[in-house]
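**Student:** Below is the sequence, then the predicted model.
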Amino acid sequence: MFGLILAAAPAIPNDVGGKYVAGAYIVFVLLLLIYVGIMASKLQRIEKELREVAGVAEQRRAEEAEAASNPEVRA
Amino acid sequence: MYGKGLRPLSIATVVAFAVGFSLVFFYAPLEADQGFIQKIFYLHVPLAIVSLAGFITGGVFAVLHLRTDDRKWDAYSYVAIHISVIFAVGGLLTGSIWAKGSWGHWWVWNEPTLVSFLIVFLLYATYYPFRYAIEDRQRQARYASVFAITAGAFVPLNFLAVRESASLVHPRVFATAEGGLPGSMMLTFLCAIVSMALLWTTLVKFELSAKSAQGQLKRLRRALDAPSGPPSSRIAPEVH
């Protein structure tokens, strides 16, 4: 599929214009990739924090369940 | 809440870009005067137009924030300006590349369109230090909204002033003395604008949903009385 697209694509003129057009479009794609990369790292941090909070919640629930099943400890 | 509709919007953006870029390279004819380098315009002009429209949109959200005192609108305004600044960087870089190829210079200081766009960009670049210089969240949001409204009003005024200026060295895309763009080029250009506007909307929604997740996480920590995570280096608006 990708090969077909490449075969059908017009060749970028190998003169001064072609070089600058390619440069401009590459800059646009790079900008997008940098943004997506930064957002990915932000989301990874959120995910990590979420795991920590979930761990705290589960630990609390386990402690409460233990206290409820063992009234002496509770007293 | 903010992530709702993000997937269809992302798909629509990808499809629009695929169609837009196909039209640019397969359908739009070569411009007689500039040749192949004119293809940069289908990227550079939409980036610039969408960033300017985004700055105005940020101002409109700021008006809503001041009217309703709802922090949601402050977050909208912040994110709209944030994404528009990124688009403006793209517009400046691709414009510079075009200028080098066409004029032989990366930058021309006596060209009003270029310099005025740079002024708008630098104005919005001061938004971040201005915002983060204020620690109190209420005051920060209010002052940032005033900034966004003032700067947002400056954008169309600046655009009109430049439009009325005598220099026509910078090419006019929509209207020239000889007429406008031919149909095939106009269609391609409109597709490029729609793709860029869709990309802007998608990124704004994406950023808002990330901020919302961060806000919800902080609330959860507070509710659980759990130790907070690493302190944020800056005070960005929260959305819940």
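**Tutor:** Here it is on my side, so go on.
**Student:** what packs against the helix or strand harbouring B:A213?
**Tutor:** Assignment of secondary structure by DSSP states H and E places B:A213 within helix B:183-224. Using 3 or more C-beta pairs under 8 Å, 6 or more residues apart in numbering or on different chains; DSSP states H and E as the contact test, the elements touching helix B:183-224 are helix A:16-69, helix B:6-22, helix B:41-68, helix B:71-103. Heads up, the C-betas are built off the backbone N, CA and C, glycines and all.
**Student:** where among those helices is the average confidence lowest?
**Tutor:** Between these, the lowest average pLDDT goes to helix A:16-69, which shows a mean of 88.
**Student:** That one close to chain B?
**Tutor:** Yes: part of helix A:16-69 sits close enough to chain B to count as contact by C-beta under 8 Å from any C-beta of the partner chain, namely A:16-21, A:23-25, A:27-28, A:31, A:35, A:39, A:42-43, A:45-46, A:49-50, A:52-53, A:56-57, A:60.
**Student:** hmm, which of those residues are the buried ones?
**Tutor:** Under a neighbour-count criterion of 16 or more other C-beta atoms under 10 Å in any protein chain shown, the subset of these counted as buried comprises A:17-21, A:23-25, A:27-28, A:31, A:35, A:46, A:49-50, A:53, A:56.
**Student:** Next, the buried residues of stretch B:157-164.
**Tutor:** Judged by neighbour count using 16+ other C-beta under 10 Å, the buried positions of stretch B:157-164 are B:N158, B:F159, B:V162.
**Student:** I'd guessed the first one sits against B:T113; true?
**Tutor:** No: counting by C-beta atoms under 8 Å, B:T113 is not a contact partner of B:N158; they are 10.2 Å apart.
**Student:** returning to that earlier point: to B:M185, which of the helices and strands packed on helix B:183-224 lies closest?
**Tutor:** Ranking the helices and strands packed on helix B:183-224 by distance to B:M185, with C-beta to C-beta as the measure, places helix B:41-68 first at 8.8 Å.
**Student:** how near is the spatially closest residue to A:L50 that is not a sequence neighbour to B:L224?
**Tutor:** Beyond its immediate neighbours in the sequence, the residue positioned closest to A:L50 (C-beta to C-beta, 6 or more residues apart in numbering or on different chains) is B:L217, lying 6.0 Å away. Per C-beta to C-beta, to the nearest Å, B:L217 is found 11 Å from B:L224.
**Student:** Overlap in contacts, those two.
**Tutor:** A:V53 (C-beta atoms under 8 Å, 6 or more residues apart in numbering or on different chains).
**Student:** quick one: contacts for B:A28?
**Tutor:** B:A28 makes contact with B:K39, B:Y42, B:S184, B:M185, B:T188, according to C-beta under 8 Å, 6+ apart.
**Student:** Flag every residue of chain B that's near chain A.
**Tutor:** Those residues of chain B that sit near chain A, judged by C-beta under 8 Å from any C-beta, are B:25-26, B:34-37, B:39-40, B:43-44, B:47, B:86, B:89-90, B:93-94, B:97-98, B:100-101, B:203, B:206-207, B:210, B:213-214, B:217, B:220-221, B:224, B:226, B:229.
**Student:** Just the buried residues of the residues you listed.
**Tutor:** Neighbour counting by 16+ other C-beta under 10 Å classes B:25, B:34-37, B:39-40, B:43-44, B:47, B:86, B:89-90, B:93-94, B:97-98, B:100-101, B:203, B:206-207, B:210, B:213-214, B:217, B:220-221, B:226, B:229 among the residues of chain B next to chain A as buried.
**Student:** Quick one: neighbours of B:G180, just the number.
**Tutor:** By the measure other C-beta atoms under 10 Å in any protein chain shown, the count of residues near B:G180 is 12.
**Student:** Correct me if wrong: it contacts B:F189.
**Tutor:** No: counting by C-beta under 8 Å, B:G180 does not reach B:F189; the two are 10.1 Å apart.
**Student:** what sits up against stretch B:88-99?
**Tutor:** Contacts of stretch B:88-99 from elsewhere in the structure, counted by C-beta under 8 Å, 6+ apart, are A:20, A:23-24, A:27-28, A:31, B:37, B:40-41, B:43-44, B:47-48, B:51, B:105-108, B:114, B:117-118, B:120-121, B:124.
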